[in-house]
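# Following is a predicted model, sequence given first.
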Amino acid sequence: MPNVIFSQSSGLADSIFGKSQAPIKAIIEQGVEAFREQSMIDKIFYMDKTTNFAEVYTSETSLGDFADVGENGSYPETGMREGYSITIEPTTWKSSFAATQEMVEDAKIGKIKSRANIFTTSYNRTREKFAAALLAGGVGNSVSFNSKTYSTKSADGVSLFHDEHPSITDDSFTQSNRFTNAFSLEVMDAMQEAMQDFRDDDGNLLNVAPDTIVIPNSAPLKRAVLEAIGSELDPNSASNAANFQMGLWNVLVWNYLPKTLGGEPYFLMLDSKFNSDYMCLPWLDRLPLTVRSDIDPETDANIWRGRARFGAGFNNWRAIAICGAGIENGTVLVVDEGDVDDADDAVDAEPDGGDGN
């Protein structure tokens, strides 16, 4: 499906505006393509398309374990069941701009191109801001964007980032992907471990392996994160211990995310493969940017109208987690730095008789 669809009114190519049609079309099309190369949406969300008014996303529990049935034993009956589900309905987004007849008559092509560029930037920026608002708004049940309210609940009925995600098969079993800690290498280790221990609704290990760190455009946080993962040696160890986090991460700095939540820095961890395999954070494109050009009979202006249909939501929370000192009602990660220091001391210590005497 093309990224931009163009149409024009009958006879427009024969008017004085005909000469400006091709340049404007090229500017809009190239602007959309150029912006999407730097967009974070397809790096964080699961990108999907539809020809329907809405799509339903769900998950399934794991199949039970194989059983040792002995020689000539019968096959045990194991099964799986559908998990929570969510319906995402794309909504309609519109904008327009005008190139006046006077602009064309006076050969103000530069002004026309400028307006086309602004139009394209507006479309791309809207998508980016909407996606970032949904993601950051995942600490609550909904978010307001351009005077409208959108749900930020995952399929299980609680916020995307929650300390008690319920199980559809066991009322007593809950899990958390919402953590209240300031960033440090040890906190990152503990959060990675917590995500690697995520289970399905039946309590089966899912092999979640976070590979992406998402942060806002905050200079101190960027430095802290890159220092934590960019050194071959553990920056907190005096014994030159290896830093096993080096080379494991793709860091995404998203300018459209708020710099703080609860007044404090925060970061997110994402398993991009799990997100893709399980359609965890779906972004649904129903209609690409469709641009129509015609002449306003009252003003003789060349009106360019853009329309698109897209939407997003959260299906399976297990692909992503959030952590920050300002995150309220989050699970506090257990970080026992003393044990790490003791382990280093034990490695460094020379046992009695170690010199052979």
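Done, it's in.
# can we go C-alpha only for contacts and neighbour counts from here?
OK.
# Tell me the confidence at residue 36?
What the model reports as pLDDT for residue 36 is 74.
# sorry, that was for residue 18
We note a pLDDT of 56 for residue 18 in this prediction.
# can you tell me how far the closest residue in space to residue 54 that isn't next to it in sequence sits from residue 52?
Using C-alpha to C-alpha, 6 or more residues apart in numbering and skipping the chain neighbours, the partner closest in space to residue 54 is residue 89 (4.2 Å). In this structure, residue 89 lies at 9 Å from residue 52, with C-alpha to C-alpha, to the nearest Å as the measure.
# can you check residue 26 too?
30 Å.
# Then residue 326?
Distance of residue 326 to residue 52, given as C-alpha to C-alpha: 40 Å.
# Could you do residue 60 as well?
As it turns out, when the distance is counted by C-alpha to C-alpha, residue 60 lies 23 Å from residue 52.
# If you count surrounding residues, which of these two has more?
Of the pair residue 60 and residue 52, residue 60 is the one with more neighbours under other C-alpha atoms under 10 Å, namely 15 against 9.
# Could you report the distance from the more buried one to residue 252?
Remark: distance between residue 60 and residue 252 (C-alpha to C-alpha) = 30 Å.
# same question, residue 102
For residue 102, the distance to residue 252 under the criterion C-alpha to C-alpha works out to 45 Å.
# burial count for the closest residue to residue 60 other than its chain neighbours?
Setting aside the residues directly before and after it, residue 60 is nearest to residue 82 in space (C-alpha to C-alpha, 6+ apart), at 4.4 Å. The number of residues packed near residue 82 is 13, by other C-alpha under 10 Å.
# doesn't residue 57 make contact with residue 82?
No - under the criterion of C-alpha atoms under 8 Å, residue 82 is not in contact with residue 57, lying 10.6 Å apart.
# Tell me who's in contact with residue 217.
Contact criterion C-alpha atoms under 8 Å, 6 or more residues apart in numbering gives 253, 254, 255, 257, 259 as the residues in contact with residue 217.
# What is the burial count for the nearest residue to the second one once chain neighbours are set aside?
It stands for residue 254. Computed as C-alpha to C-alpha, 6+ apart, the closest residue to residue 254 that is not its neighbour in sequence is residue 216, at 5.1 Å. Neighbourhood size, residue 216 [other C-alpha under 10 Å]: 21.
# And the pLDDT at residue 216?
The predicted structure scores residue 216 at 97 on the pLDDT scale.
# So it sits against residue 264, correct?
No - counting by C-alpha under 8 Å, no contact exists between residue 216 and residue 264, whose distance comes to 11.6 Å.
# List only buried entries from the contacts of residue 217.
Using 16 or more other C-alpha atoms under 10 Å as the burial test, the contacts of residue 217 include 254, 257, 259 as buried.
# pLDDT and secondary structure for those residues - can I get that in CSV?
Written out in CSV, the entries for the buried ones among the contacts of residue 217 read as follows (pLDDT from 0 to 100; DSSP: H, G, I helix; E, B strand; the rest coil):
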residue, pLDDT, secondary structure
254, 97, strand
257, 98, coil
259, 97, coil
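# any chance of those residues in JSON lines, plus distance to residue 160?
As requested, those are exported to JSON lines (distance: C-alpha to C-alpha, whole Å):
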{"residue": "254", "distance to residue 160": "19"}
{"residue": "257", "distance to residue 160": "16"}
{"residue": "259", "distance to residue 160": "19"}
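# Could you list the low-pLDDT ranges of the stretch 1-150 of the chain?
Judged by pLDDT under 70, the stretch 1-150 of the chain has its weakly predicted residues at 1-3, 6-23, 34, 62-64, 78-81, 104-110.
# And the residue nearest to residue 254, how close does it get to residue 122?
Summarising the geometry, the distance separating residue 216 from residue 122, computed by C-alpha to C-alpha, is 21 Å.
# The longest helix seen in the chain - contacts with which helices or strands?
Ranked by residue count and defined by DSSP state H, the top helix of the chain is helix 109-136. Secondary-structure packing of helix 109-136 (3 or more C-alpha pairs under 8 Å, 6 or more residues apart in numbering; DSSP states H and E): helix 18-38, strand 91-99, helix 101-105, strand 142-145.
# could I get the ones you listed as CSV with distance to residue 157?
Below are those laid out as CSV (distance: least, C-alpha to C-alpha, whole Å):
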stretch, distance to residue 157
helix 18-38, 31
strand 91-99, 21
helix 101-105, 53
strand 142-145, 12
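# Quick one, which of the ones you listed gets closest to residue 309.
Ranking the helices and strands packed on helix 109-136 by proximity to residue 309 (C-alpha to C-alpha) places strand 91-99 first, at 4.4 Å.
# Can you show me the helices along the stretch 251-357 of the chain?
Residue ranges of the helices in the stretch 251-357 of the chain, as given by DSSP state H, counting those that start in this stretch, are 272-277, 337-348.
# By mean pLDDT, show me the worst of the ones you listed.
Set side by side, these give their lowest mean pLDDT on helix 337-348, at a mean of 45.
# Quick one: neighbours of residue 24, just the number.
Here the count is done by other C-alpha under 10 Å, and residue 24 has 19 residues near it.
# so what's it up against?
Residue 24 makes contact with 112, 113, 116 under the criterion C-alpha under 8 Å, 6+ apart.
# what's the answer for residue 306, then?
Contact partners of residue 306, counting by C-alpha under 8 Å, 6+ apart, are 94, 95, 96, 289, 290, 291, 292.
# With residue 284 instead?
For residue 284, the contact set (C-alpha under 8 Å, 6+ apart) comprises 47, 48, 49, 50, 88, 90, 310, 311, 312.
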